[in-house]
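Student: Predicted structure and sequence below. I'll ask about it afterward.
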Amino acid sequence: MLRNSKKEMLFAYVLIAPFVAIYGLIFVYPTIDMFILSFQDAPLIGAGEFTGLDNYERLPGDRRFGTAFWNTAYFVLLTVIPGTLVALGIALGVTRLSGRTQALVLALFFLPYILPVSVVCRLWDWTLNFQFGIAMHVLDLLGMDRIPIFKTTTWFMPAVAFVTIWWTCGFSVLLFLAGLRAIPQEIYEAASLDNTSTWRMFRYVTWPLLWPITALVLTIQLILQLKIFDQVYLFSQGGRPNDNLVMVYYIFQRAFVNNQGGRAAAIAVVLFIMVIIISVINFQLMRLSERRK
Amino acid sequence: MTPTTVRRINWVGGVFTVLTVIIAVLWAFPIYWGIVSSLKPEDEVVRPYIELWPETLTFRHYWFALTQTQIGSWYINSVATSVGVTVLTVSTSLFAGYAISQLRFPGRTILWWLILASFMVPTQVLIINHFVLMANMSLLNSWAGIILPQLIHPVIIIVYKQFFDQVPKDFREAAAMDNASEWNVLFKIYIPMNWGVTTALSIVTFIWAWNAFLWPFLAVTRTEMMTITVGITQVYDAFGVYYAQQLAAAVLAGIPVALAYLLFQRKVTQAITLSAGIKG
């Protein structure tokens, strides 16, 4: 049938115009600007001279960059796989429940995800407070020494990782629950007729069928945790920010504390490329594993 | 299956269920503890033993936070900016998603690829350039300045496009035969058809915007322009080292999103699974 294609085209442009305008201003332009800035010796605001690769050449010898890079990697290690396993465990527990109990228990697990990061940090700052925190009372009861958790370098990252898992886990739990619900009940019924043990049922039925969701959760977590800033910044207040640097924190510090826009942009470009490479690898791996089926 | 194995499985299952409930209660305990502590007088909060319920219940800290600090303005800023982000993100995404899904126009494929690509780009790396841009536009310390850089949510367009894709193509053709205008087709047929998705996406966008920290924290330096999420972390002198008062402020910051979740639990769940690319 004939369509009034000219009218349709015009209408399409009207519809996408607001999006394209915002997108150009807030996304395309700043991305290009970031690359340009990274080759300049510029302050945060104002012009700078073109210095070629200078900002990048400084990075390998930069102690703070090293700290930021390795802390980010450490944080990813501490959160991605452990967080996914915790979420899977919770989802397996919640899926067994039914009705109101399930809704209530799920709400208890999911509630932290809904809270602002500053509230989450305030709650844990209070729970783990060296002087008055309830966790320290528990340590006292167990006869252990109190630990100033957010003031010691050894405990800082594991503690922030713990709080992060507590905070973001609910998201992954929902995905796992959706995945578990998609597994046909007949498979379990058939397996239970064969007198399969709970563990074997998980190992040979649930786990393989849930793998696509697990891969998805791992991917989302990995990309999310690479960009960590908020919690590290908030827990570092009054602590030792220079030991706790992560990539985004270092971008923030160079740009907004040291007033070095150019050098900050170079770090931003490095993180940008890291995230893109990991996304592409992930995407390809997921496609490969889908094709094998 | 022998009766003993049935009993064994039930027993294991029972333990597992009880364990899940206990862990759930422990999981949410820090939230409970924060709320309870905010309802105690300061001297009770710092007692060297655990009291799970206040001896003297007081709302003094809430009264103080609401009357003696700038929390009122922070609330207004948070509501205004979160609503702004939600309305703009959802409406522009809906229009763009519809156009890409249903209309034919040059540049459509490029636009779609661009959106998919931007899905991978971490907006955190753009903070420097967003700051410079907003400074040049004199939008720092303003609602518009807080809102604008938060409008990149490619996920929402992707969800909309998938939903519109499911509508049979002859739907539009039939409407066009009836001589319905393009606007009418969109507003009278396609949007009402997807109200459920629109509300779900709006609720989570609102929650995300309310909880946003990094950008609102950078965009605002004047305390009266802060959002509540940022405000409660930045202003110390207002609260001093009064733990109960700080916690009361935190509870106030969390209440709107917690309520939004508790009221619209199913919508939130739906939107979250959709945003991860799973049909809920």
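Tutor: That came through fine.

Student: Only C-alpha atoms from now on, for both contacts and neighbour counts.
Tutor: OK.

Student: show me the contacts for the residue nearest to residue B:53 when sequence neighbours are not counted.
Tutor: Spatial nearest neighbour of residue B:53, excluding adjacent residues (CA to CA, 6 or more residues apart in numbering or on different chains): residue B:36 at 6.5 Å. Contact partners of residue B:36, counting by CA atoms under 8 Å, 6 or more residues apart in numbering or on different chains, are B:52, B:53, B:54.

Student: May I ask which of the residues you listed has the most neighbours?
Tutor: The most crowded member of the contacts of residue B:36, judged by other CA atoms under 10 Å in any protein chain shown, is residue B:54 (15 neighbours).

Student: Where does pLDDT dip in the chain?
Tutor: By default, I'm working from chain A. Along chain A, the model assigns pLDDT under 70 to residues A:1-4, A:291-293.

Student: hm, I was asking about chain B
Tutor: Chain B contains residues with pLDDT under 70 at B:1-9, B:235-240, B:279-280.

Student: backbone phi and psi for the residue in it positioned nearest to chain A, please?
Tutor: Residue of chain B nearest chain A, by CA to the nearest CA: residue B:211 (4.3 Å). In terms of degrees, to the nearest 10, the main-chain angles of residue B:211 are phi -90, psi -10.

Student: can I assume residue A:153 is in contact with residue A:244?
Tutor: Yes. Residue A:153 is in contact with residue A:244 according to CA atoms under 8 Å; the separation is 7.3 Å.

Student: rewinding a little: please report how far the residue of chain B closest to chain A lies from residue B:221.
Tutor: Applying CA to CA, to the nearest Å, the value for residue B:211 to residue B:221 is 18 Å.

Student: So which of those two has more stuff around it?
Tutor: residue B:211 (25 against 13).

Student: In space, what's closest to that one - neighbours in sequence excluded?
Tutor: residue A:116 (4.3 Å).

Student: try residue A:134
Tutor: Closest to residue A:134 by CA to CA, 6+ apart is residue A:127, at 5.3 Å.

Student: same check, this time on residue B:151
Tutor: Counting by CA to CA, 6+ apart, the residue nearest residue B:151 is residue B:89, at 5.6 Å.

Student: which secondary structure element contains the one you found?
Tutor: helix B:71-102 (DSSP states H and E).

Student: just residue B:53 next, same as before
Tutor: Applying DSSP H and E, one finds residue B:53 in no helix or strand.

Student: how deep is residue B:33 tucked in, by neighbour count?
Tutor: 20.

Student: So it belongs to a helix, correct?
Tutor: Yes. Assessed by DSSP: H, G, I helix; E, B strand; the rest coil, residue B:33 belongs to a helix.

Student: Hmm, residue A:91 and residue A:173 touching each other?
Tutor: Yes. Between residue A:173 and residue A:91 there is a contact under CA under 8 Å: 5.3 Å.

Student: Which element, helix or strand, includes residue A:87?
Tutor: Assigned by DSSP H and E, residue A:87 belongs to helix A:63-96.

Student: typo on my end, residue A:242
Tutor: With DSSP H and E as criterion, residue A:242 is part of helix A:241-244.

Student: Export only the CA atoms of that helix, formatted as PDB.
Tutor: Extracted in PDB, the C-alpha atoms of helix A:241-244 (Å, rounded to 0.1, in the frame of the first residue of the first chain):
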ATOM      1  CA  PRO A 241      41.600   9.400  50.100                       C
ATOM      2  CA  ASN A 242      45.000   9.100  48.500                       C
ATOM      3  CA  ASP A 243      45.300   5.400  49.500                       C
ATOM      4  CA  ASN A 244      41.700   4.700  48.500                       C
END
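
Student: who's in contact with the residue of chain B closest to chain A?
Tutor: Residue B:211 is in contact with A:115, A:116, A:117, B:229, counting by CA under 8 Å, 6+ apart.

Student: I'd like the distance between it and residue A:124.
Tutor: Using CA to CA, one gets 17 Å for the distance from residue B:211 to residue A:124.

Student: still on that earlier bit, and residue A:153 and residue A:244? Which one has more around it.
Tutor: The neighbour count for residue A:153 versus residue A:244, taken as other CA under 10 Å, is higher for residue A:244 (23 against 14).

Student: wait, doesn't that one sit right on residue A:232?
Tutor: Yes. With contacts counted by CA under 8 Å, residue A:244 reaches residue A:232, the gap being 7.1 Å.

Student: Taking chain A, what residue is nearest to chain B?
Tutor: For chain A, CA to the nearest CA, closest residue to chain B: residue A:116, 4.3 Å.

Student: Tally up the residues packed near that residue, please.
Tutor: 25.

Student: Distance of it relative to residue B:147?
Tutor: Distance from residue A:116 to residue B:147, by CA to CA: 17 Å.

Student: Which stretches in chain A count as strands?
Tutor: A:40-41, A:49-50 (DSSP state E).

Student: swap that for the stretch 1-150 of chain B, please
Tutor: Assigned strands in the stretch 1-150 of chain B: none (criterion: DSSP state E, counting those that start in this stretch).

Student: ranges for the helices of it?
Tutor: For the stretch 1-150 of chain B, applying DSSP state H, counting those that start in this stretch gives helices covering B:3-38, B:42-45, B:60-68, B:71-102, B:108-118, B:127-136, B:143-147.

Student: quick one: which of those helices is nearest residue A:216?
Tutor: helix B:108-118 (16.3 Å; CA to CA).

Student: How about residues contacting the closest one?
Tutor: In contact with helix B:108-118 (CA under 8 Å, 6+ apart) are residues B:100, B:154, B:158.

Student: Of those residues - the most surrounded one?
Tutor: Top of the contacts of helix B:108-118 by neighbour count (other CA under 10 Å): residue B:100, with 25 neighbours.

Student: burial count for the nearest residue to that residue once chain neighbours are set aside?
Tutor: Nearest residue to residue B:100 in three dimensions, chain neighbours excluded: residue B:108, at 6.1 Å (CA to CA, 6+ apart). Burial of residue B:108 is recorded as 18 neighbouring residues (other CA under 10 Å).
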